[in-house]
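Undergrad: The following comprises the amino acid sequence and a computationally predicted model.
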Amino acid sequence: MQKSYAYVDGMCAIPYEDVVELKHPQQGIKDCDDSVSKIVELLEGYGIHRRYMGVTGSRLIGLAAASSDIDFVIYGKPSFERARDALRDAVKCGLLPMIDNRTWQQIYQKRAPTLTFEEFVLHEQRKWNRGLIDKTYFDLLFVRGLNEIKTEPQGVDDGFATIRATVTNAWYAFDSPAIYEIDHETVKKVLSYTHTYAGQANEGEVIEARGVCNDSGVTRLIVGTTREARGEWIKSCSLLRTQKHSAG
């Protein structure tokens with residue numbers, strides 16, 4: 001008899017008979033601590049209803065330590081974009097602090113990307129999906145609303161490749177996987193399965209990406225075949241070029 005599996009984050013398969021309890025991220029809002037409550041209040045002030053919020057990770061399952069960060073979930077593209085605006089405005093108005101260099105160093109070491117520290121921070125600072133609350137670091141994690149759900153088909157891997165192309169659609173750049181539709185002669189999409197490269201590029205920008213080619217009827221480049229994505233990356237060449245000109 002064939003086993004049935006529950007999938008965690010779309011990748012980790014767990015036999016159903018081994019599942020003891022399912023926890024929904026919205027439970028994390030009901031049983032939250034002061035730091036999470038402050039994020040909820042901030043976002044509510046920008047018109048985001050609690051039903052579009054959640055908390056996942058260690059805080060959801062009661063394993064958070066004093067040093068644990070906050071994995072804050074936002075459901076639906078409209079609410080997620082509003083949350084990013086709220087975070088940017090809160091920092092600019094002084095309601096929340098800017099992420100300091102020490103915290104960026106900690107994030108960089110945790111993510112361990114194949115980018116220099118300067119490249120990493122340059123991309124991250126414009127995303128507005130990371131912040132500090134009560135000296136605790138938090139992420140805003142996008143999850144599609146029910147009316148937005150569409151899965152990516154499985155395919156067959158066909159070796160590593162490095163490409164350059166223009167992004168034509170970055171609507172789901174903060175998704176998991178992050179999706180970048182591109183103008184390229186063979187590869188039609190770049191997918192990132194690591195949060196490091198979510199929101200890494202905007203529409204109209206030229207990117208350089210290295211990952212594994214995957215054929216699902218459409219050729220895709222998969223970035224993040226391991227957690228640290230060693231030897232894999234997405235860079236906005238347009239952003240790096242603009243920064244270089246500004247520095248010059």
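TA: Yes, it's here. Numbers count the residues shown, from 1 in each chain.
Undergrad: Now name the helix or strand holding residue 72.
TA: Per DSSP states H and E: residue 72 is located in strand 70-75.
Undergrad: Give me the mean pLDDT for that strand.
TA: Mean pLDDT, strand 70-75: 96.
Undergrad: That one: what's the following helix or strand?
TA: helix 77-92.
Undergrad: Output the contacting helices and strands for that following helix.
TA: Under the contact criterion of 3 or more CB pairs under 8 Å, 6 or more residues apart in numbering; DSSP states H and E, helix 77-92 touches helix 34-44, strand 130-133, strand 136-143. For every residue, glycine as well, the C-beta is placed using N, CA and C.
Undergrad: quick one: buried residues of the longest strand seen in the chain?
TA: Using DSSP state E, we find that the single longest strand of the chain is strand 156-169. In terms of neighbour count (16 or more other CB atoms under 10 Å), strand 156-169 has its buried residues at 163, 165, 167.
Undergrad: got it, and stretch 82-98?
TA: For stretch 82-98, using 16+ other CB under 10 Å, the buried residues are 82-84, 86-87, 90-91, 96.
Undergrad: Tell me where the protein has helices.
TA: Here the chain has its helices, by DSSP state H, at 27-30, 34-44, 77-92, 101-111, 117-124, 237-247.
Undergrad: still on that earlier bit, strands paired with the longest strand of the chain, and their directions?
TA: Sheet pairing here is set by DSSP bridges, and for strand 156-169 it gives strand 178-183 (antiparallel), strand 206-215 (antiparallel).
Undergrad: Average pLDDT for that strand, rounded please.
TA: 96.
Undergrad: residues making contact with it?
TA: By CB atoms under 8 Å, 6 or more residues apart in numbering, the surrounding residues in contact with strand 156-169 are 179-184, 187, 190, 201-216, 221-222, 231, 237.
Undergrad: ok so, going back, okay if I get the helices of the chain as CSV plus distance to residue 131?
TA: Below are the helices of the chain laid out as CSV (distance: least, CB to CB, whole Å):
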stretch, distance to residue 131
helix 27-30, 17
helix 34-44, 8
helix 77-92, 5
helix 101-111, 10
helix 117-124, 11
helix 237-247, 21
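Undergrad: Of all those helices, which one comes closest to residue 68?
TA: Among those, helix 34-44 comes nearest to residue 68, with 10.3 Å by CB to CB.
Undergrad: How many neighbouring residues does the closest residue to residue 228 other than its chain neighbours have?
TA: Leaving aside its sequence neighbours, residue 228 sits nearest to residue 112 (CB to CB, 6 or more residues apart in numbering; 4.5 Å). Residues within reach of residue 112, counting by other CB atoms under 10 Å, total 12.
Undergrad: next one: residue 63
TA: Residue 63 has 9 neighbours, counted by other CB under 10 Å.
Undergrad: any idea how far it lies from residue 51?
TA: 25 Å (CB to CB, to the nearest Å).
Undergrad: same thing with residue 75?
TA: Per CB to CB, residue 75 is found 8 Å from residue 51.
Undergrad: Which one of the two is surrounded by more residues?
TA: Between residue 75 and residue 51, counted using other CB under 10 Å, residue 75 has the larger neighbour count: 22 against 11.
Undergrad: what pairs with the more buried one across the strands?
TA: residue 143.
Undergrad: Verify the stated contact: it with residue 49.
TA: No: counting by CB atoms under 8 Å, residue 75 stays clear of residue 49, with 9.8 Å between them.
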